[in-house]
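Asks: have a look at this prediction, sequence included:
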Amino acid sequence: MMQRNFLTPIFALALAGAVHAAELGEIAPRSYIGQPLAVDIDLVSLTPEEASGLQVRLAAPDVYRGANTVMNPALGSVRMQVERRGGKPVLHVTTTRAVEAEYLHLYVALGVPGKQEVRLATVWLQPDPNPAPPPAPAAPVAPPVPLASAMTPAQAEQITAQA
């Protein structure tokens, strides 16, 4: 009886590991507030079988609604790709639109044949330490100066008389 109670938690832990797909690890932003998003997210707990068939995409808008979270507009142009860096799998995420916020919630759908799960990564962004210089102020425009007439009064009279 005692042996059965001991094995039950071990069996449950083994099943829990088999059910879960990859986990999201360290988040490394490569962009700043006001720039298109560029971020690398470590993929951990990924088996070799999962690594070969891992599919990643932005989670459906329903996931954001269910979490009572607004999807950042920049995510409308998101691109996700699994890469290997230093022998480790990394999720590289980019957008073409700038992120105008200090953070964004990124719900990622990770899938392998037979299972799919959604993971959350909150990406914190910093202000750009080297912002582009503000545009130079326009030179003040001088008020128009009335032009002196190049005609003599006699010429003006002559033109008026001809009309």
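Replies: Arrived safely, thanks for sending.
Asks: which helix or strand lies directly C-terminal to the helix or strand bottoming out on mean pLDDT in the chain?
Replies: Of all helical and strand segments in the chain, the minimum by mean pLDDT, DSSP states H and E falls on helix 2-19, at a mean of 42. The C-terminal neighbour of helix 2-19 among helices and strands, as given by DSSP states H and E, is strand 23-29.
Asks: can I get that following strand as PDB, trimmed to CA atoms?
Replies: Extracted C-alpha coordinates of strand 23-29, given in PDB (Å, rounded to 0.1, in the frame of the first residue of the first chain):
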ATOM      1  CA  GLU A  23       8.600  26.400 -22.100                       C
ATOM      2  CA  LEU A  24       9.600  30.000 -22.700                       C
ATOM      3  CA  GLY A  25      12.800  31.000 -20.900                       C
ATOM      4  CA  GLU A  26      14.900  34.100 -20.800                       C
ATOM      5  CA  ILE A  27      13.600  37.100 -22.800                       C
ATOM      6  CA  ALA A  28      16.200  39.300 -24.500                       C
ATOM      7  CA  PRO A  29      14.800  42.400 -26.100                       C
END
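Asks: what's it in contact with?
Replies: 37-45, 91, 108, 119-126 (CB atoms under 8 Å, 6 or more residues apart in numbering). Quick note: C-beta positions are derived from backbone N, CA and C, even for glycine.
Asks: of those, select the buried ones using a PyMOL command.
Replies: The PyMOL command for the buried members of the contacts of strand 23-29 (criterion: 16 or more other CB atoms under 10 Å) is given here:
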select buried, resi 37+39+41+42+43+91+108+119+121+123+125
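Asks: for stretch 56-73, what does the pLDDT average out to?
Replies: Averaged over stretch 56-73, pLDDT sits at 96.
Asks: list the buried ones in that stretch?
Replies: Neighbour-count burial for stretch 56-73 flags V56, L58, A59, V63, Y64, M71, N72 (criterion: 16+ other CB under 10 Å).
Asks: tell me the SS of the fourth one?
Replies: This means V63. helix (DSSP: H, G, I helix; E, B strand; the rest coil).
Asks: now do it against E102, distance only.
Replies: According to CB to CB, to the nearest Å, V63 and E102 sit 22 Å apart.
Asks: same check on the third one?
Replies: Applying CB to CB, one obtains 21 Å for the distance of A59 from E102.
Asks: could you pull out the strands for this structure?
Replies: Listed in chain order, the strands of the chain (DSSP state E) span 23-29, 36-44, 55-58, 79-85, 88-98, 103-112, 115-124.
Asks: alright, I will stop here.
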